[in-house]
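Asker: let me see the structure of the following:
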Amino acid sequence: MEIALYLLAALLIVGGLAGTVLPILPGIPMIFGGIWLVAAVDGYRHLGAGWLLVIGALGALGVLVDFVAGTMGAKRVGASPRALWGATLGTLVGMFLGIPGLILGPFAGALLGELSAGTSVLRSAHVGVGTWVGLLAGALVKLVLSFLMVGLFGLAMLL
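Answerer: Residues are numbered from 1 along each chain as shown. You can find the predicted model right below:
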């Protein structure tokens with residue numbers, strides 16, 4: 001039974017790493033779930049509460065980055081408050097519409113928010129692109145945090 005649980009944990013971790021770049025999978029929660037499963041099967045001998053708290057904090061930061069990256073990208077290019085709200089709402093709605101929604105939702109929300117603030121179409125498109133750049137930067141940060149989580153897991157298992 002232990003072998004099956006370790007295999008499940010490995011699948012969760014590998015699937016989670018894939019999920020950091022494929023928005024259809026909840027990458028960071030899967031990674032943390034796999035790490036926690038290994039810790040539980042191991043009887044928390046190598047991965048105690050301290051390690052799990054640090055790895056969990058990194059995971060929480062990664063999830064937070066995932067939610068605010070688009071909004072921060074829009075803010076970086078000087079978006080109006082309506083565009084920031086639009087990017088946030090677009091991200092939330094996009095989560096329920098699959099990959100196209102996750103890609104287009106924040107852009108469309110920021111674009112519509114900026115248009116409703118009375119700015120030009122060109123300026124609104126600029127804000128939408130800034131939102132996409134924020135999403136890409138957020139994805140990179142999330143990927144780095146995911147690999148850091150797995151690296152700390154590996155280090156804890158070696159010690």
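Asker: strands along the chain, start to end?
Answerer: Using DSSP state E, no strands are found in the chain.
Asker: how about the helices of it, start to end?
Answerer: Counting by DSSP state H, the chain has these helices, from start to end: 2-19, 27-41, 49-76, 81-94, 98-116, 121-158.
Asker: turn those into TSV, columns for mean neighbour count and mean pLDDT.
Answerer: The C-beta positions use only the backbone N, C-alpha and C, and glycine is treated the same way. Shown next, in TSV, are those (neighbours: other Cβ atoms under 10 Å; pLDDT from 0 to 100):
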stretch	mean neighbour count	mean pLDDT
helix 2-19	15	94
helix 27-41	21	95
helix 49-76	19	89
helix 81-94	22	86
helix 98-116	21	85
helix 121-158	18	90
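Asker: quickly note the distance from the residue sitting nearest the centre point of the chain to Arg123.
Answerer: In the chain, the residue lying closest to the centroid (Cα atoms, centre = their mean) is Asp66, at 3.4 Å. As defined by Cβ to Cβ, to the nearest Å, Asp66 lies at a distance of 27 Å from Arg123.
Asker: please apply the same query to Ala39.
Answerer: Look at Ala39 and Arg123: by Cβ to Cβ, they are 50 Å apart.
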